[in-house]
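A.B. asks: Model the structure of this input:
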Amino acid sequence: MKPIPLKQRGIEASQLVLGCMRLGGGWNDNPITSEHYNQGMEAVNAALEIGINMFDHADVYAFGKAERVFAHVLKEMPGLRKEIIIQSKCGIRFPDGVGPQRFDFTEAHILKSVDGILQRLGTEYLDILLLHRPDPLIDPEEVASAFRKLTASGKVRHFGVSNMSQGQIKMLQAYCDEPFVANQLEMSLLRTGFVETGIHINQDAAKDSIFPEGTMEFCRM
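C.D. replies: Reported below is the predicted structural model:
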């Protein structure tokens, strides 16, 4: 099977993406200020000036304030929504009256999360929705049902995952109709496990690697 670039799936994404986790003033209950809105405008404008057209969110970023700040940007820049790609993530729940901080990939929670994301962003659809983390208790049939409903309603155009191994992706993909378009992984010059796991095969150094073997190769396929 040949790789299918995002472009071939109608996603004209820039190679660099602006992560929006820092928008909104931090992970607290403090109100959004005019300074936070101005910072959001400056960040998005700086990204657009260098050709970045894709913006990454999650429903938990700054307790939802990051998405609200971005909504202000969209309101102040009419027409921008059609020119950019917005990605968000769901599945992490903070402590509440039901239980401690946990993962939740039930159909009901995914659907509710997307409605919340769209409301905070002030948009009618997401270009990409990612499942935020792997969860050993995930029910792939519930995920598939949620994805089908989100596709049919037009609320989400493409789906993917975050920080998952090839085995986890294969299991989910076996139940979901649409091919996943992304696996968002934590990789950098400070986190080089994605390189080391491929060159330490059959060596003592491999025992210290926590990056799942074969995941990079699977994602390229």
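A.B. asks: alpha carbons only for contacts and neighbour counts from here, please
C.D. replies: OK.
A.B. asks: Now the least confident helix or strand in the chain by mean pLDDT: buried residues?
C.D. replies: Every helix and strand in the chain was compared by mean pLDDT, DSSP states H and E; the lowest is helix 193-199, with a mean of 86. For helix 193-199, the neighbour count (16 or more other Cα atoms under 10 Å) marks 193-194, 196-198 as buried.
A.B. asks: what do you get for stretch 24-38?
C.D. replies: In terms of neighbour count (16+ other Cα under 10 Å), stretch 24-38 has its buried residues at 24-27, 32, 36-37.
A.B. asks: distance between it and the chain's centre?
C.D. replies: 21 Å (Cα atoms, centre = their mean, to the nearest Å).
A.B. asks: now what about that stretch, what contacts it?
C.D. replies: Stretch 24-38 is contacted from outside by 23, 40, 61-63, 65-69, 72-73, using Cα atoms under 8 Å, 6 or more residues apart in numbering.
A.B. asks: Restrict stretch 201-217 to CA atoms and write it as PDB.
C.D. replies: Listed in PDB are the C-alpha atoms of stretch 201-217, where the atom choice follows Å, rounded to 0.1, in the frame of the first residue of the first chain:
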ATOM      1  CA  ILE A 201      17.600  -3.700  17.900                       C
ATOM      2  CA  ASN A 202      19.300  -6.700  19.700                       C
ATOM      3  CA  GLN A 203      21.500  -4.400  21.800                       C
ATOM      4  CA  ASP A 204      21.600  -3.800  25.500                       C
ATOM      5  CA  ALA A 205      20.600  -0.100  25.000                       C
ATOM      6  CA  ALA A 206      17.200  -1.300  23.700                       C
ATOM      7  CA  LYS A 207      16.100  -2.200  27.200                       C
ATOM      8  CA  ASP A 208      15.900   1.500  28.100                       C
ATOM      9  CA  SER A 209      13.700   2.400  25.100                       C
ATOM     10  CA  ILE A 210      10.100   3.100  25.800                       C
ATOM     11  CA  PHE A 211       9.100   4.200  22.300                       C
ATOM     12  CA  PRO A 212       7.000   1.300  20.800                       C
ATOM     13  CA  GLU A 213       9.000  -0.600  18.200                       C
ATOM     14  CA  GLY A 214       7.600  -0.400  14.700                       C
ATOM     15  CA  THR A 215       5.300   2.500  15.300                       C
ATOM     16  CA  MET A 216       7.300   5.000  13.100                       C
ATOM     17  CA  GLU A 217       7.400   2.400  10.200                       C
END
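A.B. asks: what's the average pLDDT for the next helix or strand after the least confident helix or strand of the chain?
C.D. replies: Remark: after helix 193-199, the chain's next helix or strand is helix 215-220, criterion DSSP states H and E. What helix 215-220 shows for mean pLDDT is 89.
A.B. asks: From here on, call the first residue 535.
C.D. replies: Done: numbering now begins at 535, and the last item shifts to helix 749-754.
A.B. asks: And helix 749-754, what's buried?
C.D. replies: Neighbour-count burial for helix 749-754 flags 749-750 (criterion: 16+ other Cα under 10 Å).
A.B. asks: Which other helices and strands does that helix contact?
C.D. replies: Contact partners of helix 749-754 among helices and strands, from 3 or more Cα pairs under 8 Å, 6 or more residues apart in numbering; DSSP states H and E: helix 700-707.
A.B. asks: Mind doing that once more with 10 Å?
C.D. replies: The elements that helix 749-754 packs onto, with contact taken as 3 or more Cα pairs under 10 Å, 6 or more residues apart in numbering; DSSP states H and E, are helix 700-707, strand 717-718, helix 727-733.
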